[in-house]
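Asks: Let me see the structure of the following:
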Amino acid sequence: MKHATQATPQERLGGAAAVAGMAAAVVTGAACIGPMLGIVLGIGGLGWLARYAHLQLPATVLTAVLLAAGFYLLYRRRDCDCTPARRGARALLWTATGLAVAINAFEYLILPNLG
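Replies: Numbering: from 1, shown residues only. Down below sits the predicted model:
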């Protein structure tokens, strides 16, 4: 019976960068999407999130930097890319990237054209 291998420090850092990138993308979206969702759902108390709209660009840049760091740590050349920890971290990284792209596409492409 094989034992699961421990994640290397690069795999842990790559996974952490993916989680941090996902969190930064959610924070980026909260400032613009949050108030709109509040209006649609009838929750007027989410309007306070609009005061953080000026942080949208720095949060977007932070998201891109964190995701780029995750890709660098998880996809740079290795002798063996077959560990379950690496596959899990890569799946998390791609999920975070998809979420970040969806949120930023909504904010930069769709929201400006609604009004």
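
Asks: what packs against the helix ranked longest in the chain?
Replies: Secondary structure of the chain per DSSP state H: the longest helix is helix 9-41. Applying 3 or more Cβ pairs under 8 Å, 6 or more residues apart in numbering; DSSP states H and E, one finds that helix 9-41 contacts helix 56-75, helix 84-105, helix 111-114. (C-beta placed from N, C-alpha, C; glycine too.)

Asks: angle of the first one against helix 84-105?
Replies: Regarding helix 56-75 and helix 84-105, their directions subtend 160 degrees when assessed with axes from the mean of the first three to the mean of the last three Cα atoms, to 10 degrees.

Asks: how many neighbours does residue 65 have?
Replies: By the criterion of other Cβ atoms under 10 Å, residue 65 has 14 neighbours.

Asks: Same question for residue 10.
Replies: So residue 10, with other Cβ under 10 Å, has 15 neighbours.

Asks: what sits against it?
Replies: Remark: with contacts taken as Cβ atoms under 8 Å, 6 or more residues apart in numbering, residue 10 is in contact with 73-74.
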